[in-house]
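# can't give you the sequence, but here's the structure:
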Ligand code: F6R
């Protein structure tokens, strides 16, 4: 949510910043802007709409060469997405430029204070006040870093602020609270960004900042302090993926690339975690065996697609470990006074590791004495850093806003955890957990087989492109798959879509069925006790005129006469079926959005990494 880039060094700052913004545009694309320091002046450009608008302007009216620059791509919170509200925001004398990600909660009070001092605010943003507060603070502070520390102490809410000053060439200063910021350490140059993707083509050495820290960047140095100026030691790490991983690599869309990468993402997430005998080992699960043995309740908190992976995990966790498991939308969790004890394990699932709702839910859980296990795809991000233990998914960078490969790897990580618990605690079905672990190890190949069916799925999309609404039905783990199919269609093709537990249909939603309404149905393997029940559900909707698109295991002929279209899935145990059944639904939504001419990688109103509550 908002992409931030800063650079100081011998290269053309403008080029580095625009390149970084291009890689971060998935975080927000309502407007984009840049500021560079040039000969004692700040030069700034900003433009509503996608980065391309700004780039067009820059090519017709180039900016000056500079060694120091900052850039921003916005997901609007305060104020409409227009040129004026785009970042950077400047102080009245134009000497200070500020970019910001997050929400400053005491903005109204500070704005009124500034107005009473005669400051004229040009935008509706909460960010602009920081430029004016800094300008006033510079009159009493020794330097820009000190002024930013003082101002940061006055702000509440979430913010990453990056600042440059006209009189300080070769200096970029940033403050962080509850919003992502990572430093890229180069040789004689340094970078700042919301995400390593922005600078990965220049350096792989990164430093993740902690909460309430200020970083001072010069070409040679990276100095980190708290908001009071006390020095803070930082941990440098190497980013494990390279720039090519964040490129489209021959695909038209990041989403198509990421769908195609799913077999590898799943294989990488399993790598080294299941041995030949089916025994699961989990690196990073630094929880004491006594604590693991004491867990009597698991609560999963997550949002959106990650929440759907949590819903799937619940079935596996309860089945294999017999530990009660609840799944809760992170945004609701802490507001209903949940019962948490030291014996409660909270699992926070997040691709980005920065989702504010999930972060706040897990912080609340820790305050109440529960321990938190993060399942996360982003090394060093806030959620794993603040958790007691972490299982990393190894999906690689996910750039398309709609989550695909991260979802499948989240399911895999949850399953690994469930199996690990089943194998390490007494009194559960260890043999079955081993058997299924060996099955899980074959899933990457099976996902590869499903990808071969995409041509047929695309044809179905062509036939249904004018539908007004689409329903998705499933039971057991097929229910969250149905919800995920509907979510994807909503966010990408802007269509009405709903996922239902198929058994619930007759309690109300069946009234929606009318002639020609497309209904996707996820059918469990024939060996599953719910198989015949869902076949009946297919008949019920078909009898009322629905067009049925049935996802069923290869060789399952029981559905043939009730299906208008059949999408075949490889054989696998019922609990693992979401790993194959989700893939055609991802392809369907992607194709529908493409046929409708929508921007698949950057759907309207959305942003990757939702860092506001
Ligand atoms: C949908 C999607 C979102 C995210 C949600 C949580 O395709 O991507 O629903 O799943 O915003 O994000 P993370 O996993 O980063 O916490």
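Noted; the coordinates are in hand. Remember, it's a predicted structure, so these values are computed and weren't measured experimentally.
# what residues does this protein have near the ligand?
Proximity of the chain to the ligand (C-beta under 6 Å from any ligand atom) is limited to residues 303-306, 350-352, 355, 358, 402-403, 491, 609-610. In this view, the C-beta of every residue, glycine as well, is placed from N, C-alpha and C.
# swap in 8 Å and give it another go.
302-307, 349-355, 358, 377-378, 383, 401-404, 406-407, 410, 487-488, 491, 606, 608-610 (C-beta under 8 Å from any ligand atom).
# can you tell me, leaving aside adjacent residues, what's nearest to the closest residue to the ligand within the stretch 251-400 of the chain?
Going by C-beta to the nearest ligand atom, the ligand is nearest to residue 304 of the stretch 251-400 of the chain, at 1.9 Å. Computed as C-beta to C-beta, 6 or more residues apart in numbering, the closest residue to residue 304 that is not its neighbour in sequence is residue 487, at 6.7 Å.
# correct me if wrong: that neighbour contacts residue 495.
No. With contact defined as C-beta atoms under 8 Å, residue 487 does not count as touching residue 495 (11.4 Å).
# more neighbours, those two?
Each of residue 487 and residue 495 has its neighbours counted (other C-beta atoms under 10 Å); residue 487 has more, 22 against 19.
# what sits against the more buried one?
Each residue near residue 487 by C-beta atoms under 8 Å, 6 or more residues apart in numbering is listed here: 304, 305, 308, 497, 499.
# also residue 25?
3, 32, 50, 51, 73, 602.
# nearest to residue 456, out of these: which one, please.
If you rank these by distance to residue 456 using C-beta to C-beta, residue 602 comes first, at 27.3 Å.
# that's a strand at that closest one, yeah?
No. Residue 602 sits outside any strand when classified using DSSP: H, G, I helix; E, B strand; the rest coil, being coil.
# what number of residues lie near it?
So residue 602, with other C-beta under 10 Å, has 20 neighbours.
# separation between it and the ligand?
12 Å (C-beta to the nearest ligand atom, to the nearest Å).
# same question, residue 579
When residue 579 is compared with the ligand (using C-beta to the nearest ligand atom), they lie 17 Å apart.
# in this structure, what helix or strand scores lowest on average pLDDT?
helix 430-440 (a mean of 81; mean pLDDT, DSSP states H and E).
# ok now that one, how far from the chain's centre?
Remark: helix 430-440 is offset 30 Å from the chain centroid, using C-alpha atoms, centre = their mean, to the nearest Å.
# what packs against that helix?
Using 3 or more C-beta pairs under 8 Å, 6 or more residues apart in numbering; DSSP states H and E, the elements in contact with helix 430-440 are helix 304-321, helix 405-424.
# let's see that with 6 Å instead.
helix 405-424 (3 or more C-beta pairs under 6 Å, 6 or more residues apart in numbering; DSSP states H and E).
# follow-up on the earlier one: can you check what angle separates the helix or strand that contains the residue nearest to residue 304 from helix 405-424?
Assigned by DSSP states H and E, residue 487 belongs to helix 478-493. Inter-element angle recorded for helix 478-493 and helix 405-424: 160 degrees (by axes from the mean of the first three to the mean of the last three C-alpha atoms, to 10 degrees).
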